[in-house]
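K.L.:
Fold the stuff below for me.
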Amino acid sequence: MARRGYSRPRFPSPHPIKINLILIFAFFFLVFIFHSRQWHLPDDEQKQQTFFHNGSQTDQMADADLWDAPHSYGLRPCVKPTSRYKAATGWDHYMTVRSNGGLNQMRTGIADVVAVARIMNATLVIPQLDKRSFWHDSSTFSDIFDEIHFIETLREDVKIVKELPLELANVPRARKHFTSWASTSYYEDMTQLWKEYQVIHVAKSDSRLANNDLPLDIQRLRCRALYHALRFSPPIESFGKKLVERLRARGGKYIALHLRYEKDMLSFTGCSYGLTEEESEELRIMRENTNHWKVKTINSTEQRLGGFCPLTPKEIGIFLRALGYPPSSLIYIAAGEIYGGNTRLLELTSRFPNIVFKETLASQEELKAFTNHASQTAALDYVISVKSDVFVPSYSGNMARAVEGQRRFLGHRKTITPDRKGLVEVFDMLENGQQTEGSSLSHIIKTMHKNRKGAPRRRRGPLPEMKGRARLRTEESFYENPYPECICAPKKHLG
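P.N.:
Sure thing, here's the model as predicted:
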């Protein structure tokens, strides 16, 4: 019994002690888990965590979003033949070819005829290049391509010679316009020609093979021909690399902009938006007088609304600023002479003053060897575009598709393909005062192009509503996206 006047000390009950101990333990456990997770986070997650804890990382994150390539998920080029593929043997049947079109139309066409020669067991004679296109370029095969490298690289696939044997120079030839987007079975049937002829002359080289549903070894041969064998000539390769080095010295990272706003393209597509009446008439007359352009009457407004027109210099400027590229961005213009000259180009340079051309990177003396050889200067543009941090085409022409395809092949380097049809609606809203340049416009355009940056995806097939052979025209070009035949996952055999 406690004595009167004595107060027993009060001790906390066991229940609060347990609660405090649990809270302390939980706190240290959470700290431990947090730091342990930091040690094991993937790099991308680490960067995101650092972003929230270090405000100075904001610019780096934004910079990465603008310039870094999309995630490739470990995909790599694979072009080696399968075990079923047999090496080439000597054939006494010969195929001569006249390539048609500009540089990249000829390049992809040559890759096609290499595969056709393989299917038909023909010896391929070095193709003749097109000298009748818009630019009337007199360049020969060896002026543009490394001829010896081309022959040697493909020696296990197709026998290639520089010229027909003298004894065959004057023999009758089967002159063929092979059908477009043809299958291997079509060319297997064409081998019947060898019963009557020893030489077949192919009048056109472009689009001689289908994009899809061909044997794997034929598809990979097309990739070996285009990406390995058709190397540019040493002067072009060397000078192209030198221009890339000069671009890097200027700003480190750069955008290659294929600004397809040249006279021939605007005339061919019938696009006159933003032009004067005199300019529109000049383009109409040019289209009327160009015999091999079949369509003469074109509704320019319908063309633009359908997304079939190249973006204008002003539209490209708005587009790139909306994506977040700062005015200081270094932009290389991979194109010929811009229609409307400096006046029209000012609509782009007012937003991006740090714009360069070949003529500002190189001296007149250096460029002298390429003067009046449009295919050779286009080859320089191609080299610079493939090696750029970001490639942006204003129109989906032959060069745009070829560059995009090679950038996919090399590791899905960032290629931003404008949604021209969707952008027309946005630009018209700007024109009508329903929208202004700023964060709202930027959000619209960024959302529109979230999945148009060159990330891996399978090649698109024909449009479902198309029937018959016409559907083949709507397929995505094999050379625009050689996945999956020439781009494989790591677990597969890589070449």
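
K.L.:
distance between the ends of stretch 347-360?
P.N.:
The straight-line separation of the ends of stretch 347-360 (CA to CA, to the nearest Å) is 19 Å.

K.L.:
List the buried residues of it.
P.N.:
In terms of neighbour count (16 or more other CB atoms under 10 Å), stretch 347-360 has its buried residues at 347-348, 351-352, 355-356, 358. The C-beta positions use only the backbone N, C-alpha and C, and glycine is treated the same way.

K.L.:
Distance-wise, check the residue nearest to Arg471 when sequence neighbours are not counted relative to Leu283.
P.N.:
Using CB to CB, 6 or more residues apart in numbering and skipping the chain neighbours, the partner closest in space to Arg471 is Pro462 (3.8 Å). For Pro462, the distance to Leu283 (CB to CB, to the nearest Å) stands at 32 Å.

K.L.:
how's this structure carved up into domains?
P.N.:
94-229, 234-260+311-456, 262-309 (automatic domain parsing).

K.L.:
okay if I get these as JSON lines plus mean pLDDT and distance to Arg469?
P.N.:
Output for these, formatted as JSON lines (pLDDT from 0 to 100; distance: least, CB to CB, whole Å):
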{"stretch": "domain 94-229", "mean pLDDT": "95", "distance to Arg469": "7"}
{"stretch": "domain 234-260+311-456", "mean pLDDT": "96", "distance to Arg469": "21"}
{"stretch": "domain 262-309", "mean pLDDT": "95", "distance to Arg469": "18"}
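
K.L.:
Can you lay out those as CSV showing distance to Leu472?
P.N.:
Putting the domains of the chain into CSV (distance: least, CB to CB, whole Å) gives the following:
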stretch, distance to Leu472
domain 94-229, 4
domain 234-260+311-456, 16
domain 262-309, 19
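
K.L.:
looking at these, which is closest to Gly468?
P.N.:
domain 94-229 (11.6 Å; CB to CB).

K.L.:
got the contact list for the closest residue in space to Ile316 that isn't next to it in sequence?
P.N.:
Leaving aside its sequence neighbours, Ile316 sits nearest to Ser394 (CB to CB, 6+ apart; 5.6 Å). The contact partners of Ser394, taken as CB atoms under 8 Å, 6 or more residues apart in numbering, are 257-261, 310-311, 315-316, 418.

K.L.:
residues touching the residue nearest to Ser280 when sequence neighbours are not counted, list them.
P.N.:
Nearest non-adjacent residue to Ser280, counting by CB to CB, 6+ apart: Ser272, 3.9 Å away. By CB under 8 Å, 6+ apart, Ser272 lies in contact with 266, 279-280, 283, 300.

K.L.:
mind checking the SS state of the spatially most central residue of the chain?
P.N.:
Nearest to the mean C-alpha position of the chain, by CA atoms, centre = their mean, lies Glu404 at 0.9 Å. What DSSP: H, G, I helix; E, B strand; the rest coil gives for Glu404 is helix.

K.L.:
Tell me the bridge partners for the residue nearest to it when sequence neighbours are not counted.
P.N.:
Sequence neighbours aside, Thr415 is the residue nearest to Glu404 in space, at 4.8 Å (criterion: CB to CB, 6+ apart). Taking DSSP bridges, one obtains Phe391 as the residues bridged to Thr415.

K.L.:
rewinding a little: okay, the residue nearest to Ser280 and Leu323: tell me how far apart.
P.N.:
27 Å.

K.L.:
got it, and Ala229?
P.N.:
Taken as CB to CB, the span from Ala229 to Leu323 is 36 Å.

K.L.:
who has more neighbours, those two?
P.N.:
More crowded of Ala229 and Leu323, by other CB atoms under 10 Å: Ala229, with 24 against 18.

K.L.:
isn't that one right up against Leu154?
P.N.:
Yes - contact criterion CB atoms under 8 Å: Ala229 and Leu154 qualify, at 5.1 Å.

K.L.:
What segments of this protein are strands?
P.N.:
Taking DSSP state E, the strands of the chain run over residues 76-77, 94-97, 123-125, 160-161, 174-176, 199-202, 255-258, 331-333, 355-356, 390-393, 487-488.

K.L.:
what about the ones you listed, which gets the closest to Asn104?
P.N.:
That would be strand 255-258 among the strands of the chain, by CB to CB, at 10.6 Å.

K.L.:
re earlier: list just the one of the domains of the chain that sits closest to Arg76.
P.N.:
Closest to Arg76 of those, according to CB to CB: domain 234-260+311-456, at 7.8 Å.

K.L.:
Distance from the closest one to the middle of the chain?
P.N.:
Here domain 234-260+311-456 is found 12 Å from its chain centre; the criterion is CA atoms, centre = their mean, to the nearest Å.

K.L.:
you'd agree Ile151 is up against Asp157?
P.N.:
No - using CB under 8 Å, Ile151 is not in contact with Asp157, being 10.8 Å away.

K.L.:
between those two, which one's more packed in?
P.N.:
Taking neighbours as other CB under 10 Å, Ile151 and Asp157 compare with Asp157 leading, 23 against 17.

K.L.:
got the contact list for the residue nearest to Glu404?
P.N.:
Residues counted as contacts of Thr415 (CB under 8 Å, 6+ apart) are 390-393, 403-404, 407-408, 453-454.

K.L.:
repeat that with 6 Å
P.N.:
By CB atoms under 6 Å, 6 or more residues apart in numbering, the residues touching Thr415 are 391, 404, 407, 454.

K.L.:
would you list those residues in CSV and tack on distance to Glu485?
P.N.:
Shown next, in CSV, are these (distance: CB to CB, whole Å):
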residue, distance to Glu485
Phe391, 22
Glu404, 16
Arg407, 17
Gly454, 18
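
K.L.:
Which parts of the stretch 201-350 of the chain are helices?
P.N.:
For the stretch 201-350 of the chain, the helices defined by DSSP state H, counting those that start in this stretch occupy 216-223, 234-251, 263-269, 277-289, 300-305, 313-323, 341-349.

K.L.:
out of everything not next to it in sequence, what's closest to Arg413?
P.N.:
In space, and not counting its chain neighbours, Arg413 is closest to Arg407: 4.1 Å by CB to CB, 6+ apart.

K.L.:
Equivalent analysis for Pro313, please.
P.N.:
Of all residues not flanking Pro313 in the chain, Leu348 sits nearest, at 3.8 Å (CB to CB, 6+ apart).

K.L.:
Hmm, Ile318 and that neighbour touching each other?
P.N.:
No - assessed by CB atoms under 6 Å, Leu348 is found out of contact with Ile318, at 9.5 Å.

K.L.:
So for these two, which residues contact both of them?
P.N.:
With CB under 6 Å, 6+ apart as the test, Leu348 and Ile318 reach no residue in common.

K.L.:
Helices along the stretch 1-150 of the chain, start to end?
P.N.:
14-40, 43-53, 58-67, 103-119, 141-144, 147-153.

K.L.:
Tell me the buried residues in stretch 305-320?
P.N.:
Residues of stretch 305-320 classed as buried under the neighbour-count rule (16+ other CB under 10 Å) are 307-320.

K.L.:
Please apply the same query to stretch 242-260.
P.N.:
By 16+ other CB under 10 Å, the buried positions in stretch 242-260 come out as 243-244, 247, 254-260.
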